[in-house]
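>>> requesting a structural model of the entry that follows:
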Amino acid sequence: MSSPALETFLAHRQTFGLFESAPLLQAMLDFEAALANAQAAEGVVPAAAATAIAAACKVELHDTQAIVAASGAAGSLAIPLVKSLTQAVARADAHAAGYVHWGSTSQDVIDTGMVLTERRALALIDRDLGRLIAGLLQLARGHGDAPVLARTLLQPAQVVSFGIKLVAWIAPLVRARERLRLAGQAALQLQLGGAVGTLAVMGDKGPAVARRMAQALKLKLAPGNWHTQRDEAAALACELGILSGALGKIARDISLMSQGEIGEIAEPSGGGRGGSSAMPHKRNPVASMVALAASMRTPHRVAAILGAMAQEHERGLGNWQAELAETAGLYVSVHGGLSALAEVASGLQVDAGRMLSNIDALQGLVFAEAVSMHFAHKLGKSNAHALLERLSQAVVRDGTHLRELVLGAIKTDPALAGQFDATQVAALFDARHAAQRAITVARPQLDALDAAARAQDQAPPWSAWLHD
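As a prediction, this is how the structure comes out:
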């Protein structure tokens, strides 16, 4: 992560705090306590030693700043932590100190500590994904049928419903939530392999110790160590990156639609949100800004994690360490953008009147295709297209309205006279009429997304770790 002041500005305090020194070291100490207790249950270490070790696995008993400071020279955060733990145990029971970290290795404690921390971060992400989806679905229930301009290549295209835009926002979020659950459940595994992955020091008791540890820590039991098998971790990172991209798309649309000249949407204001230090009138879309910032930063973090997969032999040199460093920033960035949007989603202010005004301001040009296809049944597609192209050019040149030119052509052009009903043609220029097809397409999709989201809400996989 970068400068704390600049990082927290784009982060959520809970996720940022998870990866700070004390919580991360406590997660590693949780591994050490589980290791000692599991080994004692299997007769690998004395029960009294395990009791003494577990009692010392409280982060407040250790100098976290000193541990972090020593980690650079040691080459691992685990080495100074284990040293501090050994010293703390020795003060209570010198004999028990000899069993600290028995048969394990630095990567075991660091990877498992990270997994325990990531589980808490994923719980926050899953929760706020649910909040964001629910907020957008609420928006759809209130404004989904409102006619709005569809824009392609940043230019006005046709009239659709606001619900169609919301489908494009919500559907990727529902899919991302499901994929994150699958990827998280695959990647959140106990890491226990010992020096080279064989648990040689524990002999034939190694698998039983691992099973007990996984049960105690409520983690998936891996078939063996995954010291240099980083595919599951990388897959999870990719899913986080994809989620960030989906959030960026939503934020980009909101920011464009909330520009003063457009004015179709606005983020909630008040309480210091979205103000300017120089311009009192400003209403900046700050939630969108945070999500966009995240979507710009996360691809590089994901790329670094993918690049770190080529780890040498049984333990990587530099690449594993790079993966760890990028992982923390990835979670902080993704959840920062997600939580910002989740906070404002249900309060987004939709101006349906402004949406109609923006349609009207285009002088009927966005209805040209609908009129052309209506005429094509009798004139042929090429002739109808040429006619509407010519009339559209006249609209741009003369500042008239396409509806008036089309209705005038029906009356005066011998090729059109008597072939078309003026009332039917005029209806093609009604925005609400034009939005009907989009409404018909959007409603069943929104209903299906609502049902999927409700089902997801019933089974949040990591909710137990939201508050502990």
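
>>> next one: phi and psi at the closest residue to Lys220 other than its chain neighbours?
Distances taken as CB to CB, 6 or more residues apart in numbering place Gln189 nearest to Lys220, at 4.6 Å, with adjacent residues excluded. Any C-beta I mention is one placed from the backbone N, CA and C, and that applies to glycine too. Note on Gln189: backbone dihedrals following degrees, to the nearest 10 are phi -120, psi 150.

>>> wait, what's in contact with Gln189?
Val115, Leu219, Lys220, Leu221, Ala222, Trp226, Glu232 (CB atoms under 8 Å, 6 or more residues apart in numbering).

>>> any of those residues buried? List them.
Neighbour counting over the contacts of Gln189 (16 or more other CB atoms under 10 Å) leaves Val115, Leu219, Ala222, Trp226, Glu232 as the buried ones.

>>> ok, the fourth one - contacts?
I take that to be Trp226. Taking CB under 8 Å, 6+ apart as the definition of contact, the neighbours of Trp226 are Asp111, Gln189, Gln191, Gly193, Glu232.

>>> residues in contact with the fourth one?
Looking back up the chat, that one is Gly193. Contacts of Gly193 were listed using CB under 8 Å, 6+ apart, and they are Thr105, Gln107, Asp108, Leu199, Gly224, Asn225, Trp226, His227.

>>> give me the local confidence score for the last one.
Spelled out, it's His227. Per-residue confidence at His227 stands at 98 (pLDDT).

>>> next one: it from Thr198, what distance?
11 Å (CB to CB, to the nearest Å).

>>> between those two, who's got more neighbours?
Applying other CB atoms under 10 Å to His227 and Thr198 shows that His227 carries more neighbours, namely 22 against 13.

>>> wait, that one touches Gly197, no?
Yes - His227 is in contact with Gly197 according to CB atoms under 8 Å; the separation is 5.6 Å.

>>> overlap in contacts of the two?
Both His227 and Gly197 are in contact with Glu314, where contact means CB under 8 Å, 6+ apart.

>>> quick one: low-confidence ranges for the stretch 1-150 of the chain?
Scanning the stretch 1-150 of the chain for pLDDT under 70 picks out 1-9, 11.

>>> what segments of it are strands?
147-152 (DSSP state E, counting those that start in this stretch).

>>> before we move on, back to that, just name the closest of the contacts of Gln189 to Ile170, please.
Of all the contacts of Gln189, the one sitting nearest Ile170 is Glu232; the distance, using CB to CB, is 27.7 Å.

>>> mind telling me what element the closest one is part of?
Using DSSP states H and E, Glu232 falls within helix 231-257.

>>> chain center to that helix, what's the gap?
Its chain's average C-alpha position is 5 Å from that of helix 231-257, according to CA atoms, centre = their mean, to the nearest Å.

>>> tell me how many other residues crowd the residue nearest to Arg179 when sequence neighbours are not counted.
In this structure, Arg179 finds its nearest non-sequential neighbour in Glu239, 5.1 Å apart by CB to CB, 6+ apart. The number of residues packed near Glu239 is 22, by other CB under 10 Å.

>>> go on, the one 5 residues further on?
Close neighbours of Ser244, defined as other CB under 10 Å, add up to 27.

>>> what of Ala88?
Counted with other CB under 10 Å, the burial measure for Ala88 works out to 19 neighbours.

>>> same deal with the one 3 residues further on?
Applying other CB under 10 Å, we find 11 residues neighbouring Arg91.

>>> same deal with Ala304?
If we define neighbours as other CB under 10 Å, then Ala304 has 18 of them.

>>> again with Gly98
With neighbours defined by other CB under 10 Å, the count for Gly98 comes to 14.

>>> so for it, what's the nearest residue that isn't a sequence neighbour?
Setting aside the residues directly before and after it, Gly98 is nearest to Ala49 in space (CB to CB, 6+ apart), at 7.7 Å.
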